[in-house]
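Asks: Predicted model and sequence below, questions to follow.
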Amino acid sequence: MKLTIIGSGYVGLTTGACFAEVGHHVVCVDNDPRKVETLLAGQIPIYEPGLESLVKKNVAAKRLRFTTSTEEGVDHGEVLFIAVPTPPQADGSVDLSFIEKVAREISQFLDSYRVIVDKSTVPVKTGERVAQTIRRYAKPGVEFDVVSNPEFLREGSAVADLMKPDRIVIGGNTDRAIALMQKVYEPFAAPVLVTDINSAELIKHAANSFLALKISYANALSEICEASGADVIKVAEGIGADKRIGREFLNAGLGYGGSCFPKDIAAFIAIADQMGTPFTLLKEVQRINQRQIDRFIDGIREALWVLKDKKLAVWGLAFKPNTDDVRSSVAISVVEKLVSEGADVTVYDPKAMDKAKELAFASKVKFATSPLEAAAGAEALIIATEWPEFASVDLSELRTTMRAPMIFDGRNLIDPVAAADFGFQYRGIGRGVVETRA
Ligand SMILES: NC(=O)c1ccc[n+]([C@@H]2O[C@H](COP(=O)([O-])OP(=O)(O)OC[C@H]3O[C@@H](n4cnc5c(N)ncnc54)[C@H](O)[C@@H]3O)[C@@H](O)[C@H]2O)c1
Ligand SMILES: O=c1ccn([C@@H]2O[C@H](COP(=O)(O)OP(=O)(O)O[C@H]3O[C@H](CO)[C@@H](O)[C@H](O)[C@H]3O)[C@@H](O)[C@H]2O)c(=O)[nH]1
């Protein structure tokens, strides 16, 4: 099929590449000329495992191309996917101006039937607004349908998630549009759930909120574990073994971050308020999430007494491993907090340093070229993102290079007993303080 993606960021580019991989002919549009130039030059503007080779392969096979022209995209695709940003506003509600703009742009070039699919994460009832907007601006009588097809990929495993999704949600109001959408997804052989547009839109916010709730449950447990001397990892294992609960998304840590959960939970709260059905449970989720980072910083302050002029190493800047994405990264919030209290911070991340260097905090820290270089002479090490390479650092070398032996492990990455054996004082999340045994 001929498909068009409008917005070629983390979602649009990866979705476009995966659609091409299963045989569709895909045009990816982006209004950022620099991004399109990069893509046309054969480079990938983001780090996502497996994406580069997939893009190269499908460009070479002439199933995938890039343009800045929405007109070219509308001409090409039978189905037009919108994957532009839906950022938060100050009150938590969603800024829908990107979506509205694309709807107007599409309507300008619409000559014959198209399915316009909202893949961005949007509040319930956005589909109705998109249809209204296109009808208002398009030539009279031109046929189209609007469909909601939320995306559930996770950064860091986006290609795998797209190629083998748990489910595909198609929210549509006409058989014609739903049939075309089923054809788009046929090659993926995944379970398809067909709903009305409003339900599909709601599924996305409800799913992300539930996952954030699950993480916050583990984080709230971690505080009780610290107070009682229990181990949150064992507790998560114990409850997660029940199939009705499941072990995934029960990892206590510094709280959830990234470009999705914080904004989507705030959006869902705002949507529920607007509907007159307040979702106060989610406010508690937000509170627990903030408390988790505050408690972590308090623990560092309590152990080190004074942060001013302390030489600290921070491992990790990306909001999670296997991505270079630093949007709403809790790791960066940790660094900012330490810097604001006068600490002398050196950071290292395997993939996210270029993106981090574009942010305001960058001028106030030093960037190292390896985990051990970051830790050289440090009076404490803070682990803020659970990159696998941090777990395999030689603890004996680490001990030798650091000035004082303290590890604050915000992601429970290091084995506390091994750390203690190598002479470290170790503080994880929800597993107490382990004193040095060396
Ligand atoms: N990142 C994720 O993991 C993820 C997963 C599922 C859903 N989502 C949702 O998908 C949407 C996009 O997220 P993202 O992370 O891909 O954002 P992104 O910022 O990485 O990409 C969006 C792209 O849209 C482009 N764009 C903006 N306006 C445009 C226009 N008028 N015409 C053409 N291109 C335009 C931007 O230049 C950018 O490249 C959001 O609603 C997000 O909540 C994101
Ligand atoms: O047990 C866990 C799992 C995750 N996290 C944190 O939660 C955040 C989000 O992680 P993850 O969900 O893996 O990454 P995202 O790429 O943000 O993916 C989420 O957000 C996307 C955008 O909406 C959705 O498509 C995905 O289904 C949803 O998992 C990160 O800060 C993680 O560190 C934890 O603290 N504990």
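Replies: Arrived safely, thanks for sending. Numbers count the residues shown, from 1 in each chain. Ligands and ions are numbered 1, 2, ... in the order given.
Asks: pretty sure residue 356 contacts residue 349?
Replies: Yes. If you go by C-beta atoms under 8 Å, residue 356 and residue 349 touch, sitting 6.7 Å apart. (Glycine included, C-beta is placed from N, CA and C.)
Asks: So if I had to pick from those two, which one is more boxed in?
Replies: residue 349 (28 against 22; other C-beta atoms under 10 Å).
Asks: quick one, what contacts the more buried one?
Replies: Residue 349 makes contact with 315-318, 331, 356, 385, 387, according to C-beta atoms under 8 Å, 6 or more residues apart in numbering.
Asks: What residues does the protein have near ligand 2?
Replies: 121, 151-155, 208, 211, 215, 249-251, 253, 256-258, 260-261, 264, 319-320, 330 (C-beta under 6 Å from any ligand atom).
Asks: Going by neighbour count, which of these are buried?
Replies: When these are checked for burial by 16 or more other C-beta atoms under 10 Å, the buried set is 121, 151-153, 155, 208, 211, 215, 249-251, 253, 256-258, 260-261, 264, 319-320, 330.
Asks: what sits in contact with each of residue 356 and residue 349?
Replies: residue 317.
Asks: In the stretch 1-150 of the chain, what residue comes closest to ligand 1?
Replies: Minimum separation of the stretch 1-150 of the chain from ligand 1 (C-beta to the nearest ligand atom) falls at residue 9, amounting to 1.7 Å.
Asks: ditto for the stretch 301-438 of the chain
Replies: Nearest residue of the stretch 301-438 of the chain to ligand 1 (C-beta to the nearest ligand atom) works out as residue 325 at 7.2 Å.
Asks: That residue: what's it in contact with?
Replies: The contact partners of residue 325, taken as C-beta under 8 Å, 6+ apart, are 10, 46, 155, 258-259, 318-319, 352, 355.
Asks: List just the nearest of those to residue 39.
Replies: Taking C-beta to C-beta as the measure, residue 39 sits nearest to residue 46 out of those, at 10.6 Å.
Asks: and residue 50, how many neighbours?
Replies: A count of nearby residues for residue 50, using other C-beta under 10 Å, gives 15.
Asks: And residue 142, by the same measure?
Replies: Applying other C-beta under 10 Å, I find that residue 142 has 14 neighbouring residues.
Asks: pretty sure it is touching residue 109, no?
Replies: No. Using C-beta under 8 Å as the test, residue 142 is too far from residue 109 to be in contact (10.2 Å).
Asks: Please flag which of the contacts of residue 349 sit within strands.
Replies: residue 315 (DSSP state E).
Asks: Of the contacts of residue 349, which is the nearest to ligand 2?
Replies: Lowest distance from ligand 2 to the contacts of residue 349 (C-beta to the nearest ligand atom) belongs to residue 385, with 7.6 Å.
Asks: now that closest one: how far from residue 8?
Replies: With distances taken as C-beta to C-beta, to the nearest Å, residue 385 is found 26 Å from residue 8.
Asks: Of these two, give the one with the bigger neighbour count.
Replies: Between residue 385 and residue 8, counting by other C-beta under 10 Å, residue 385 is the more crowded of the two (31 against 28).
Asks: Contact partners for that one?
Replies: By C-beta under 8 Å, 6+ apart, the contact list for residue 385 reads 315-321, 329, 331, 349, 352, 411.
Asks: likewise residue 168?
Replies: 149, 185, 188, 190-193.
Asks: Repeat that for residue 397.
Replies: Going by C-beta under 8 Å, 6+ apart, residue 397 touches residue 372.
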